[in-house]
Every structure is written in C-alpha cells, then in structure tokens.
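Participant: prediction below, plus the sequence it came from.
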Amino acid sequence: MKSRTLIVAFLISWCSVQLAAAQGKDMLTQVELGMLGGKSKILWSEETEDRLNFSFSAFHGKEIKPNHYLGIHLGNDNYPDVQLLPIGLGWRGFIGDDIGSKWMGGANLGFGATFLEKRERTEWSSSWREGGLYFHPFLGIRMPAKKGKWALTSSIGYKWQPSSYFEGNHSQPETRPRIHPFWTRASLPEGFNSLNKVNTQFHSISFQVGILF
C-alpha cells in the first residue's frame, strides 16, 4: 500500500510540474501534503476508532477573475482499509495586498476513485470497495517566498468522503457479475444470490501545507 501511495504521489507531482512549466501568468498550480483526522466506524461493528491519515493533492487552475482560480483537483487519501483517489474540480481564492501574505480560501468537489483497490474474487464470491462523491472546503494563508514566484501555503478545512464495501455470493460459478452504480438493497443485481453493502462516511478535519506557483 505504501509503495503504491508513493508512486501515485510521484505521478501527480510530475504532472503538476509539467503543467506548471507550460503555464502562463493566468495559471496556478498548488501541491500539498497533509493529514486527515477524525473517527471511523470499524467494519461490521458499531464501534469507532480515532484515525490520522495521510493525504496528498495537486491543483492546477486558470484565473477566471482577479484572484479567483478554477481548475482540476487530483489527490490520494489513505483511510483505514481503503485508498481513495479524489478526482474533481477545485477553486482557489485570495484576499490581500499584492505584496506580502494573503488569506486563501478554496474548495474541492469530485469523486473518490478506487483504482488501486484489489477486487477479491473466488469461484462463488466477490468482495470489493467503491468510493463516492467528496467535498472539501478550507481556509488558509499564502506566504510568498523571498525570491522567485512561488509561495508556501498552509490551510485547515473539513473533508467529507464516503466509501462502500461490497461482499456477495454468485448465483453461478465463475460468473463476473457487475453492479449498477445506483444499486439499492431493494433487489439483487443480476449474477448474485446475496450481496451485502456497508457504507462508511469519513468526516475529517484536514491540515495541509504545500507550495504554490
């Protein structure tokens, strides 16, 4: 899991640097590292546990009006038992003088993918994890470097992100049943004779530091 996290973080960073190298004055790139703190419900139990999870993200946007940028947000969030890859839209806004530190506000909205999660399959059963929509508003500060056109950033925010765990038995051996994205418990999907779904809601306080250029 750690090696895959480092690989994804490197790829996102490399893409951000390449985009930044080609950007104009009206473009902005931000790369951040951080932690997500909160409580999580233990799977198949009503008990909860404290957690502090690693988070990595990158934003690349275009100025849509003075001091306001809209663009693409990518990330890697490592929660207990699941690794989610946020993919969506981001907004960054700044208040302050042209010289010196500025207050920063932002928000990210998109979908948490589970590309790196392995689907367990046997002749008669399957189990896997899926992500969902996420929302991440935050407030922070932008501190310009003494030399160069880059700046340090620090922020605190709130992140909501759901995840689901599926476990089911096949109606026929060696079948590969698929689940409709809007499946509910009202009826079984084709190819299953039983299917359980456990939803987890991750509510986190985010602490992030990064660079902006």
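Facilitator: Perfect, I can see it now.

Participant: from here on, contacts and neighbour counts on C-alpha atoms
Facilitator: Noted.

Participant: what bridges to the residue most central in space within the chain?
Facilitator: With distances taken as CA atoms, centre = their mean, the chain has residue 86 as the residue nearest its mean C-alpha position (3.0 Å). Counting by DSSP bridges, residue 86 is bridged to residue 112.

Participant: that one against residue 72, yeah?
Facilitator: No - the pair residue 86 / residue 72 is not scored as a contact, 10.5 Å apart, by CA atoms under 8 Å.

Participant: that older thread, in contact with the residue nearest to the centre of the chain, which residues?
Facilitator: Neighbouring residues of residue 86 by CA atoms under 8 Å, 6 or more residues apart in numbering: 73, 74, 75, 76, 77, 110, 111, 112, 113, 134.

Participant: run a quick neighbour tally on residue 125.
Facilitator: For residue 125, the neighbour count with other CA atoms under 10 Å is 21.

Participant: and the pLDDT at it?
Facilitator: At residue 125, the pLDDT value in this model is 84.

Participant: tell me what it is bridged to.
Facilitator: Taking DSSP bridges, one finds residue 169 as the beta-bridge partners of residue 125.

Participant: could you do residue 130 as well?
Facilitator: Taking DSSP bridges, one finds residue 164 as the beta-bridge partners of residue 130.

Participant: that one is in contact with residue 113, isn't it?
Facilitator: Yes - assessed by CA under 8 Å, residue 130 is found in contact with residue 113 at 7.1 Å.
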